[in-house]
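K.L.:
Let's see this in three dimensions:
(one chain, ligands or ions: 1)
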Amino acid sequence: MITDKMKDCQFPALGYDYSALEPYIDAQTMELHYTKHHNGYFTKLQNAVKGTDLEEKTFLEVLKNISKYSVAVRNNGGGHVNHAMFWKSMSANGGGKPKGKLLEAIENKFGSFDAFKEKFNSAAATRFGSGWAWLIVKDDKSLAVTDTPNQDNPLMDVADENGMPLLGLDVWEHAYYLKYQNKRPDYISAFWNVLDWDVIEKRYLDYIS
Ligand code: MN3
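P.N.:
Numbering: from 1, shown residues only. Reported below is the predicted structural model:
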């Protein structure tokens, strides 16, 4: 999707019912998040791109050079890409651990899967205000955990640490407040129960191959 031209950008299907991730993520939050928040970023991005030279560029080109573009393209381009990836990272049959090469890479980098979880949870819990926590693959193919403010992502040239995102967790209050109120750490713990590790591992294998 990030290698598509911006003019070919489509609003992606969610791929499951709003209630599919219950009890971890409630149906009302899913519906508002997808139809209002994500759709809002998507629509504003289309308006910002229409009739400009961005139409012929790919998401990847634009994100990697985001400092050259408007705040509207940064916020809504990031908002669209981040959410499109987020929905696909989750499944009603999710949870557990990755297998194979991704598990091996996680254990090599962080010591254990639990140590990785702890690092990711901490990045998500301590991200001040709105933003995202990430598992990324850097240019040297090593893994890292990082976080970004607002709708930035690690592909953007403005990010503290760059890499290809494998997994992102939305920690904006709109992602959890109806069910979890101020208890962001409870939402973060619940997230592990809906992760689709097959999808995440495929991103990793596609990127390193
Ligand atoms: Mn969101």
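
K.L.:
so how far is A144 from the spatially most central residue of the chain?
P.N.:
Geometric centre of the chain, nearest residue: G168, 3.2 Å, by CA atoms, centre = their mean. According to CB to CB, to the nearest Å, G168 and A144 sit 13 Å apart. C-betas here are computed from N, CA, C, even on glycine.

K.L.:
same question, W197
P.N.:
18 Å.

K.L.:
what about the two, which has more around it?
P.N.:
Using other CB atoms under 10 Å, the more surrounded residue of W197 and A144 is W197, with 20 against 16.

K.L.:
Neighbours of the nearest residue in space to the more buried one that is not next to it in sequence, how many?
P.N.:
The shortest distance from W197 to any non-neighbouring residue, by CB to CB, 6 or more residues apart in numbering, is to P98 (4.3 Å). P98 has 21 neighbours, counted by other CB under 10 Å.

K.L.:
With D8 instead?
P.N.:
10.

K.L.:
again, but for the one 3 residues further on
P.N.:
Summarising burial for F11: neighbours were counted as other CB under 10 Å, giving 15.

K.L.:
if I look at it, how far off is the ion?
P.N.:
14 Å (CB to the ion, to the nearest Å).

K.L.:
again with Q10
P.N.:
For Q10, the distance to the ion - CB to the ion - is 18 Å.

K.L.:
can you list the residues of the protein near the ion?
P.N.:
Applying CB under 5 Å from the ion, we find that the chain lies next to the ion at 37, 170, 172, 175.

K.L.:
Check the secondary structure at A92 for me.
P.N.:
Put simply, A92 is coil when judged by DSSP: H, G, I helix; E, B strand; the rest coil.
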